[in-house]
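Trainee: I would like the atomic coordinates for the input below:
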Amino acid sequence: MNIAIVGTGYVGLVSGTCFAEMGINVTCVDVNEKKIQALMNGNIPIYEPGLDDMVKRNVEAGRLHFSTNLISCLDNVELVFSAVGTPPDEDGSADLKYVLAVAKTFGENIKKYTILITKSTVPVGTANKVKAIIQAELTKRDVDIPFDVASNPEFLKEGAAIQDFMSPDRVVVGTDSEQAQKIIAQLYKPFMLSGERMIFTDIPSAEMIKYAANSMLATRISFMNDIANLCELVGADVNMVRKGIGSDTRIGKKFLYAGCGYGGSCFPKDVKALIRTAECYGYDMQVLKAVETVNKYQKEVLFRKLSKHYKDDLHGKIITLWGLAFKPETDDMREAPALVLIEKLLNAGCTVKVYDPIAMKECYRRIGNTVEYCNDMYEATLDSHALLLVTEWKEFRMPNLPILERMMKELLIIDGRNIYDRKQLENNNFTYYKIG
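Mentor: Numbering: from 1, shown residues only. You can find the predicted model right below:
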């Protein structure tokens, strides 16, 4: 089977590579010539564990190709995946200009039955717009070429995307065509050998599932952060509360960890987009608005704890941040709590020293030399008045406390991910604060 995937960002590149790994002939298309040239030279523009080797293997095997021209490969493919970006507009709604541009090119150039599958996260009703654009272009050409559109939202976790794609919890496909359903089921058959996990729905339901899933996960995070803040006021331990409620099978343990707020490419954008979609239909998503409010408040929680410790006098303090990415195993800093924290610290007159095993290049791209970038986690603590854990990378989990005692000016640790043991730190003369 031959397919094309338009967009070589996180979703497009991972999806295309994983399809190729299963023996499918894949052409990844992007209008960014520098990115395509880099990929052809073996340079991967994103960080995802295992992706470099998988791309190289499938390029060498002749199953994975890169191009800047969708038109050149349309005659040879049965399916086209649209995995282009849908950045938020100023009002929070998803910007569909790239999605609709792919549809236009598709309609202008197809010569035989082909399926256009939207893999980007798009609002309910987008497929109707895509279908209308394709049909309008076919009408302009005065041709009657059959086609189908479908929705196939992605559920990839950054840092575990290859595993998620190769062994998915579920594959959701929205289509109103039996022919398209059969072809897409065949495409995903290699991923279903350990058990059937295909869910076929109508198209609006598939479009809604992605937003609803991410919004639910974001809701659990904000709910737990709200509980953590209350725990601090009443003297309860949020970790014990989490264990107590997470053991209820109706609730479960996942995404109940208190922390310093969620970030990334999905949760913030998708929550905003779902709120905006509801507004367009005259409905007020009160719960999701609260989720946003709590998350915005939580991104400042480490700064508030630090400021309280120093009685609102942070001028001249040297502050260390361990972790910059919004989560481990990625260099993604979109909506990262670290960015909010750095801005607050700099405005308060602090010197900020940072270390992240992967994301420092991305941080420099975003904020330049406003912070001091360090070569390792301990160098970053030299003469520091406080160490703030922002991202729970594995190498931060068991720090060498004697080294920290020698390096730091003041032994203060503020744990934004609740991974350290209070008694151990306090027994080694550290002052320790956590979330909740």
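Trainee: Quick check: phi and psi at the residue lying farthest from the centre of the chain.
Mentor: The outermost residue of the chain, judged against the average C-alpha position, is D142 (41.8 Å), by CA atoms, centre = their mean. D142 has phi and psi values of phi 60, psi 50 when expressed as degrees, to the nearest 10.
Trainee: gap between it and V149?
Mentor: 21 Å (CB to CB, to the nearest Å). All C-beta spots, glycine's among them, are computed from the backbone N, C-alpha and C.
Trainee: picking that back up, check what pLDDT the residue farthest from the centre of the chain gets.
Mentor: Per-residue pLDDT puts D142 at 96.
Trainee: Next one: it relative to T330, how far apart?
Mentor: 48 Å.
Trainee: The stretch 301-436 of the chain: helices as residue ranges?
Mentor: 301-309, 337-347, 360-367, 401-407, 422-427 (DSSP state H, counting those that start in this stretch).
Trainee: which helices and strands does the third one pack with?
Mentor: In other words, helix 360-367. helix 337-347, strand 372-373 (3 or more CB pairs under 8 Å, 6 or more residues apart in numbering; DSSP states H and E).
Trainee: Give me the buried positions along that helix.
Mentor: Under the neighbour-count criterion of 16 or more other CB atoms under 10 Å, helix 360-367 has M360, E362, C363, R366, I367 buried.
Trainee: Confirm for me that the second one is in contact with T330.
Mentor: No - using CB atoms under 8 Å, E362 and T330 do not qualify as a contacting pair, with a distance of 9.5 Å.
Trainee: Between the helices and strands packed on helix 360-367, which one is closest to T391.
Mentor: helix 337-347 (7.1 Å; CB to CB).
Trainee: give the contact list for D95.
Mentor: T86, P87, P88, D89 (CB atoms under 8 Å, 6 or more residues apart in numbering).
Trainee: Of these, which is the most crowded?
Mentor: Using other CB atoms under 10 Å as the neighbour test, the contacts of D95 are led by T86, with 23 neighbours.
Trainee: Without its sequence neighbours, what residue ends up closest to that residue?
Mentor: Excluding the flanking residues, the one nearest T86 by CB to CB, 6 or more residues apart in numbering is A94, at 4.3 Å.
Trainee: Of all the helices and strands packed on helix 360-367, which one is nearest I318?
Mentor: Judging those by CB to CB, what sits closest to I318 is strand 372-373, at 8.9 Å.
Trainee: which other helices and strands contact that closest one?
Mentor: Secondary-structure packing of strand 372-373 (3+ CB pairs under 8 Å, 6+ apart): strand 351-355, helix 360-367.
Trainee: Centre of the chain to the last one, how far?
Mentor: Relative to the mean C-alpha coordinate of its chain, helix 360-367 is positioned 17 Å out (CA atoms, centre = their mean, to the nearest Å).
Trainee: Need the residues that contact it.
Mentor: For helix 360-367, using CB under 8 Å, 6+ apart, the contacting residues are L324, A325, D331, D332, M333, A338, L339, I342, V354, D356, V371, Y373.
Trainee: Count the residues that sit near the fifth one.
Mentor: Residues lying near M333 (other CB under 10 Å) number 24.
Trainee: Can you name the residues that contact it?
Mentor: By CB under 8 Å, 6+ apart, the neighbours of M333 are G263, L324, A325, F326, L339, A359, E362, C363, R366.
Trainee: cutoff 7 Å now
Mentor: Each residue near M333 by CB atoms under 7 Å, 6 or more residues apart in numbering is listed here: L324, A325, F326, L339, A359, E362, C363, R366.
Trainee: which of those residues lies closest to I71?
Mentor: E362 (32.9 Å).
Trainee: That closest one and V80: what is the separation?
Mentor: Distance from E362 to V80, by CB to CB: 30 Å.
Trainee: next one: L306
Mentor: From L306 over to V80 (counting by CB to CB), the distance is 50 Å.
Trainee: F200 too?
Mentor: 19 Å.
Trainee: Could you check which of the two is surrounded by more residues?
Mentor: V80 (25 against 16).
Trainee: That one: what secondary structure?
Mentor: For V80, the secondary-structure state derived from DSSP: H, G, I helix; E, B strand; the rest coil is strand.
Trainee: My read is that it contacts A103, right?
Mentor: No - contact criterion CB atoms under 7 Å: V80 and A103 do not qualify, at 9.8 Å.
Trainee: List the residues that are in contact with both of these two.
Mentor: L116.
Trainee: Tell me who's in contact with the closest residue to P49 other than its chain neighbours.
Mentor: Leaving aside its sequence neighbours, P49 sits nearest to E329 (CB to CB, 6+ apart; 5.9 Å). Contact analysis of E329 by CB under 7 Å, 6+ apart lists P49, E158, G159.
Trainee: Chain neighbours aside, what residue packs nearest to the second one?
Mentor: I take that to be E158. T330 (4.1 Å).
Trainee: Just give the number of residues close to the one you found.
Mentor: Count around T330 with other CB under 10 Å applied: 26.
Trainee: Check the one 5 residues further on too.
Mentor: Neighbours of E335 under the rule other CB under 10 Å: 19.
Trainee: what does the model give it for pLDDT?
Mentor: Predicted confidence (pLDDT) for E335: 95.
Trainee: repeat for the one 4 residues further on
Mentor: Residue-level confidence at L339 comes out at 98, pLDDT.
Trainee: Let me know how buried it is, in neighbour terms.
Mentor: Neighbours of L339 (other CB under 10 Å): 18.
Trainee: Pop the domain breakdown of this protein in here.
Mentor: Using automatic domain parsing, the domain parsing of the chain gives 2-201, 211-298, 301-433.
Trainee: Please go through the chain and pick out the longest helix.
Mentor: Ranked by residue count and defined by DSSP state H, the top helix of the chain is helix 203-234.
Trainee: so after that one, what's the next helix or strand?
Mentor: helix 238-246 (DSSP states H and E).
Trainee: Would you mind putting the CA coordinates of that following helix into CSV?
Mentor: Provided in CSV are the C-alpha atoms of helix 238-246 (Å, rounded to 0.1, in the frame of the first residue of the first chain):
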residue,chain,number,x,y,z
VAL,A,238,-1.7,15.2,48.6
ASN,A,239,0.3,12.1,47.9
MET,A,240,-1.7,10.2,50.4
VAL,A,241,-4.9,11.6,49.0
ARG,A,242,-3.9,10.6,45.5
LYS,A,243,-3.3,7.0,46.6
GLY,A,244,-6.6,6.9,48.4
ILE,A,245,-8.7,8.1,45.5
GLY,A,246,-6.6,6.5,42.8
